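S.K.: here you go, sequence then predicted model.
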Amino acid sequence: MGANGTAWRRRRQYPTRSTARPEGGRRSAGGHAPAPIRQWPLLTVLGATVAGLLITLADFRVGLLTVGAALLAGALLRAWLPAVGMLAVRSRFTDVLTYGVLGCLIVLLTLMAEPEPWFEVPFLSDILRFSAG
């Protein structure tokens, strides 16, 4: 029997039947509602992101600030609502942390973008000046 038979028994003892859904991953409206209404949190974040990308064609700062705000709104929706449909990808904590950090980074980097940054961090410019020589 050996190691091979033991591994087979262990696999058979704990079979995986399906993947667990993330907490809060159920529909935000009943099954009788049309799909867009059931998935309104995801469609809100995606719609704001697409709008931000389109605005980027005219003014990159305003467009990217809109994209960052959409991710921050996704973090707030995920933290606040008990059911968000397909906006729930992982656990609530991980989703809120991921959406929040990415949204904050996009907003911060957009505010610091050249030319004529709207926000300056003095020690970062010193580091760049030192590293660029």
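M.R.: It's in.
S.K.: rest of the way, CA atoms for contacts and neighbours
M.R.: Fine.
S.K.: contacts for stretch 53-69?
M.R.: For stretch 53-69, the external contacting residues (CA atoms under 8 Å, 6 or more residues apart in numbering) are 48-52, 102-107, 110-111.
S.K.: distance between whichever strand or helix holds residue 94 and the chain's centre?
M.R.: Taking DSSP states H and E as the criterion, residue 94 maps to helix 92-111. On the basis of CA atoms, centre = their mean, to the nearest Å, helix 92-111 sits 7 Å off its chain's mean C-alpha point.
S.K.: again with stretch 35-43
M.R.: How far stretch 35-43 lies from its chain's middle: 16 Å, per CA atoms, centre = their mean.
S.K.: please apply the same query to stretch 114-122.
M.R.: Offset of stretch 114-122 from its chain centre (CA atoms, centre = their mean): 26 Å.
S.K.: separation between the spatially most central residue of the chain and residue 79?
M.R.: Computing the C-alpha centroid of the chain and ranking residues by CA atoms, centre = their mean puts residue 99 first, at 3.5 Å. Separation of residue 99 from residue 79 (CA to CA, to the nearest Å): 10 Å.
S.K.: that'll do, ta.
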